[in-house]
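Q: need a 3D model of the following:
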Amino acid sequence: MQSGITDADGHPVPVTVAAGQPAPFTVAAGEPGPRVSIRLSPPGGELVWSCTSGAARELAAVLLRAAEEAEHAPGSRPVTVEAGELRRGDVRDGDRSMTVESARTDGSTVHVTWKSGAGRSWTQAYAADTAITLKRRLSEGR
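A: Take a look at the predicted model:
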């Protein structure tokens, strides 16, 4: 799995996640149930971690929250995209919060529906190549 995880020196670290695998060590009393194991294989040696499925869900939730915070960090630099590249969740740079609800292309025109921080929605039309500066952009597939 290509994880995007790196070691302290920036080298990629292969990650293997397996469900239902036995722990490579004795599980302490009071921790019954299915196990999830994670194997990290950095150049300096292998690390194996095992937990209950409930603990794996908690870890996933914490990682998701951290990813959301990183994506929404106020110190991130604005990015400029063409109107034709706008997608749901993009936030326009400026004094007022404006989030893309939808963007639809009609020939060389893009119809963008914005939603304000106060909950008001409106649609504006742009030429597809109009530069729009965004304060925040969600990652692909979101």
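Q: which stretches of this protein form helices?
A: In the chain, the segments counted as helices under DSSP state H are 53-71.
Q: where does pLDDT dip in it?
A: 1-4, 21-33, 71-76, 138-142 (pLDDT under 70).
Q: mind listing the strands for it?
A: 15-19, 35-40, 47-52, 79-82, 91-92, 98-106, 109-116, 121-127, 131-136 (DSSP state E).
Q: out of the ones you listed, which is closest to A70?
A: Closest to A70 of the strands of the chain is strand 131-136 (C-beta to C-beta; 11.0 Å). From N, CA and C alone the C-beta is placed, and that goes for glycine too.
Q: show me the contacts for the nearest residue in space to P78 that is not next to it in sequence.
A: Distance criterion C-beta to C-beta, 6 or more residues apart in numbering; nearest residue to P78, sequence neighbours excluded, is D93 at 4.6 Å. Shown in contact with D93 (C-beta atoms under 8 Å, 6 or more residues apart in numbering): 78, 133-135.
Q: related to what we said a few turns ago, next, format the strands of the chain as CSV and append mean neighbour count and distance to E58.
A: Converted to CSV, the strands of the chain look like this (neighbours: other C-beta atoms under 10 Å; distance: least, C-beta to C-beta, whole Å):
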stretch, mean neighbour count, distance to E58
strand 15-19, 13, 15
strand 35-40, 18, 11
strand 47-52, 16, 9
strand 79-82, 13, 33
strand 91-92, 18, 29
strand 98-106, 16, 29
strand 109-116, 17, 32
strand 121-127, 12, 36
strand 131-136, 16, 27
